[in-house]
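Novice: dropping the sequence and predicted coords here.
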Amino acid sequence: MRSHYCGQVNETLSGQNVTLAGWVNRRRDLGGVIFIDMRDREGIVQVVFDPQQAAAIEHADSLRQEFCIQIQGNVKERPASQVNDSMKTGKVEVIATELTILSRSEPLPIDFNSEVSEEQRLRYRYIDLRRPLMNERLQFRARVASSVRRFLDDNQFLDIETPMLTRATPEGARDYLVPSRTHKGKFFALPQSPQLFKQLLMMSGFDRYYQIVKCFRDEDLRADRQPEFTQIDIETSFMSAEQVREVTEQLVRKLFNDMLEVELGDFPSMPYSEAMRRFGSDKPDLRNPLELVDVADILKDVEFKVFAGPASDPKGRVAVIKVPGAATKLSRKNIDEYGKFVEIYGAKGLAWLKVNDVAAGREGLQSPILKFLPDDAVEALLTRVDAQNDDILFFGADNGVVVSEALGALRLKLGEDLGLVEDGWRPLWVVDFPMFEATDEGLFALHHPFTAPVGVSAEELEANPEGTLSNAYDMVLNGVEVGGGSVRIHEQHMQAAVFRILGISDEEAREKFGFLLDALKYGTPPHAGLAFGLDRLVMLMVGATSIRDVIAFPKTTTAACPLTDAPGFANPDALAELGVQLKKD
């Protein structure tokens, strides 16, 4: 039905007849001569209906936005004064000779010339996706996936599918469960990741595997989370952590070079402990120059208990962010707003100190806490952070987790509010994660329970689990974790030790992971891998702020689909057949 896409019509086709099919993007009637901008997935071209072309003009007057049409016409170069440099087809126009209205459109339920809520955009997603911006993003995503496949195919990775109906695995979120009709009372789980199956593939001798695969996690949603998301899953045998990082870094560098003509260069590495100390985050945005500075040693003996208490507590932390030049930019109202902001992260408040004149000593400072601090502590603070005139210091004092999270978030907000974030791309490997994290409920694996520790035996791991590092690594780009992986446990006794530390009994381990434990008995090779979040990666590359804007049919933040009105109620007969009965409140 077409000879060319609209966006392909250019001056090389001048004088030729073309057949186009697409939608009316805009219509203008200039005293009998009708102009439309005609759109398809490749772009927009101007079509002219001249009254001298009676066959074409007959129905042109009835055309409205989003009518689906077919046009036959002759390509003509525009006069120099009428060239539209904002369109890639702006040097030409098509003089219509025939018009076929393939389908009419009712008035649109959404108006993209005004503010449209995300709920409305998702409800009428098939119209929203016609917008050039959304069209370009999904085409870009498709090219990213193709580029990833080409790189991995060229590097001897095999594309192997893994099951969608499987057993529940501990990935840190709730599972989506699927009831079995043939095994009443039993349930499949949709995979949170192909973790165990890709390890089994390594045990089966497929030493380089990849898959672009859907994963499912029933967790609270935000801009970079969806209940179903797409993962670039990679696993290798007989490769070290450094080698895995090297090949996946090459993949991302090539991707950015091919798609954006950006040279990322080599990725620096940073230990987890340094990232938390300097930035309060394990995914620091290095474009932001602000850093956290520890000052507990300076303040542990002051009479001000707000500082002295956490400073003397082994699990406490007192840190400060110096914001250069902000003392004259931030009002007391702004500071109070930042105080309320950090409360979201568990902080009880936000102490501050303005540096008006360093040379004037205490007299050149302004702060409600100044009266609680002795001269030597004040002088040491100013020296520690290299304070200059017009700087402002923000303090966090609490347990280490609260301070890191609160000041880490404040750092990002200050950087954004004050325009401190640099342009460009700042990639980073974060390495040397703790093997476990302690909570009130016990120890949990910081990554997952199949991650190998660094440099210890199973006995040494059990003797000091909280002091052991894992052989895990995350790829971070501009403050977003785009990929993460680890060296996996390939020895049965080490896996058993990890399960014991996590409080998983032998019976529970056998019930949940018996097939994996059995496989570890039969010559398991050393293996390691990494998984990228395709949605997050594309979101960053196109400059979107939510992965919902790079997924064709996403869910809302309540895990619902306005387009299909999913989830919905099941047919009672279907539930009965599955052996499922709903409990009424």
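Specialist: Arrived safely, thanks for sending. Residues are numbered from 1 along each chain as shown.
Novice: can we go C-alpha only for contacts and neighbour counts from here?
Specialist: Noted.
Novice: I501 is in contact with A445, correct?
Specialist: No - counting by CA atoms under 8 Å, I501 is not a contact partner of A445; they are 9.3 Å apart.
Novice: which intervals of the stretch 151-300 of the chain have sub-threshold pLDDT?
Specialist: Within the stretch 151-300 of the chain, the set of residues satisfying pLDDT under 70 comprises 169-172.
Novice: next one: F67 from L446, what distance?
Specialist: When CA to CA, to the nearest Å is the yardstick, F67 and L446 sit 54 Å from each other.
Novice: tell me which of those two has more neighbours.
Specialist: F67 (19 against 16; other CA atoms under 10 Å).
Novice: which residues in the stretch 401-550 of the chain form strands?
Specialist: Taking DSSP state E, counting those that start in this stretch as the criterion, the stretch 401-550 of the chain contains strands spanning 427-431, 436-439, 442-445, 472-477, 480-487, 527-533.
Novice: likewise for the stretch 1-150 of the chain?
Specialist: In chain order, the stretch 1-150 of the chain shows strands spanning 17-30, 33-40, 43-49, 68-77, 92-103, with DSSP E, counting those that start in this stretch as the criterion.
Novice: out of those strands, the one nearest D518 is which?
Specialist: Closest approach to D518 among the strands of the stretch 1-150 of the chain is made by strand 33-40 (54.6 Å; CA to CA).
Novice: what residues of that closest one count as buried?
Specialist: Residues of strand 33-40 classed as buried by neighbour count (16 or more other CA atoms under 10 Å): 34-40.
Novice: just send those residues back as TSV, with distance to D153 too.
Specialist: Output for those, formatted as TSV (distance: CA to CA, whole Å):
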residue	distance to D153
I34	51
F35	47
I36	44
D37	41
M38	39
R39	35
D40	32
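Novice: give me the helices and strands touching the least confident helix or strand in the chain by mean pLDDT, please.
Specialist: For the chain, the helix or strand with the lowest mean confidence is helix 54-57, at a mean of 74 (criterion: mean pLDDT, DSSP states H and E). Of the remaining helices and strands, those touching helix 54-57 by 3 or more CA pairs under 8 Å, 6 or more residues apart in numbering; DSSP states H and E are strand 92-103.
Novice: give me the contact list for the strand it packs on.
Specialist: Taking CA atoms under 8 Å, 6 or more residues apart in numbering as the criterion, the residues outside strand 92-103 that touch it are 9-11, 14, 45-50, 53, 55-57, 59-60, 67-78, 83.
Novice: how about stretch 143-151?
Specialist: Under CA under 8 Å, 6+ apart, the answer for stretch 143-151 is 212, 251, 255, 259, 538.
Novice: what is the burial count for the fourth one?
Specialist: So the one you mean is M259. 13.
Novice: which of the helices or strands spans it?
Specialist: Counting by DSSP states H and E, the element that carries M259 is helix 241-260.
Novice: flag every buried residue along that helix.
Specialist: Neighbour-count burial for helix 241-260, counted by 16+ other CA under 10 Å, picks out 241, 244-245, 248-255.
Novice: any low-confidence regions in the protein?
Specialist: Counting by pLDDT under 70, the ranges of the chain that qualify are 169-172.
Novice: S470 contacts V454, doesn't it?
Specialist: Yes - proximity of S470 to V454 meets the contact threshold set by CA under 8 Å, at 5.3 Å.
Novice: who's more crowded, those two?
Specialist: A count of neighbours by other CA under 10 Å puts S470 above the other of S470 and V454, at 23 against 17.
Novice: quickly list what that one is bridged to.
Specialist: Judged by DSSP bridges, the bridge partners of S470 are P453.
Novice: OK, contacts around it?
Specialist: By CA under 8 Å, 6+ apart, the contact set of S470 is 432-435, 451-454.
Novice: 6 Å instead, please
Specialist: Shown here is S470, whose contacts under the criterion CA atoms under 6 Å, 6 or more residues apart in numbering are 433-435, 452-454.
Novice: repeat for F187
Specialist: Residues in contact with F187, defined by CA under 6 Å, 6+ apart, are 178-180.
Novice: now tabulate these in TSV and tack on secondary structure and distance to L517.
Specialist: Output for the contacts of F187, formatted as TSV (DSSP: H, G, I helix; E, B strand; the rest coil; distance: CA to CA, whole Å):
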residue	secondary structure	distance to L517
V178	strand	25
P179	strand	26
S180	coil	25
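Novice: from those residues, which single one is nearest D417?
Specialist: Sorting the contacts of F187 by how near they are to D417, with CA to CA, puts V178 at the top with 45.2 Å.
Novice: how near is V323 to G419?
Specialist: The value you get for V323 to G419, if CA to CA is used, is 12 Å.
Novice: of those two, give the one with the bigger neighbour count.
Specialist: V323 (23 against 10).
Novice: the nearest residue to R174 once chain neighbours are set aside: what's it in contact with?
Specialist: With CA to CA, 6 or more residues apart in numbering as the criterion, R174 has its nearest non-adjacent residue at 4.9 Å, and that residue is D218. By CA under 6 Å, 6+ apart, D218 lies in contact with 174-175, 227.
Novice: pop out the phi and psi values for D218.
Specialist: The phi and psi torsions at D218 (degrees, to the nearest 10) take the values phi -90, psi 80.
Novice: gap between it and Q192?
Specialist: 9 Å.
Novice: cool, F433 as well?
Specialist: 21 Å.
Novice: just P179 next, same as before
Specialist: Taking CA to CA as the criterion, P179 is separated from Q192 by 17 Å.
Novice: which one of those two is surrounded by more residues?
Specialist: Q192 (24 against 16).
Novice: what angle do strand 33-40 and the top helix by length along the chain make with each other?
Specialist: Identified as the longest helix of the chain according to DSSP state H is helix 132-154. Here helix 132-154 points in a direction 30 degrees away from that of strand 33-40 (axes from the mean of the first three to the mean of the last three CA atoms, to 10 degrees).
Novice: just the CA trace of helix 132-154, in CSV.
Specialist: Extracted in CSV, the C-alpha atoms of helix 132-154 (Å, rounded to 0.1, in the frame of the first residue of the first chain):
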residue,chain,number,x,y,z
PRO,A,132,6.8,11.3,17.2
LEU,A,133,8.6,11.4,20.6
MET,A,134,7.2,8.1,21.7
ASN,A,135,7.7,6.6,18.3
GLU,A,136,11.4,7.7,18.3
ARG,A,137,11.9,6.2,21.7
LEU,A,138,10.5,2.8,20.9
GLN,A,139,12.5,2.7,17.6
PHE,A,140,15.6,3.6,19.6
ARG,A,141,14.9,0.8,22.1
ALA,A,142,14.6,-1.7,19.2
ARG,A,143,18.0,-0.6,17.8
VAL,A,144,19.6,-0.8,21.3
ALA,A,145,18.3,-4.4,21.6
SER,A,146,19.7,-5.3,18.1
SER,A,147,23.0,-3.7,18.9
VAL,A,148,23.3,-5.7,22.1
ARG,A,149,22.4,-9.0,20.3
ARG,A,150,25.0,-8.3,17.6
PHE,A,151,27.8,-7.6,20.1
LEU,A,152,27.0,-10.7,22.2
ASP,A,153,26.6,-12.9,19.1
ASP,A,154,30.0,-11.7,17.8
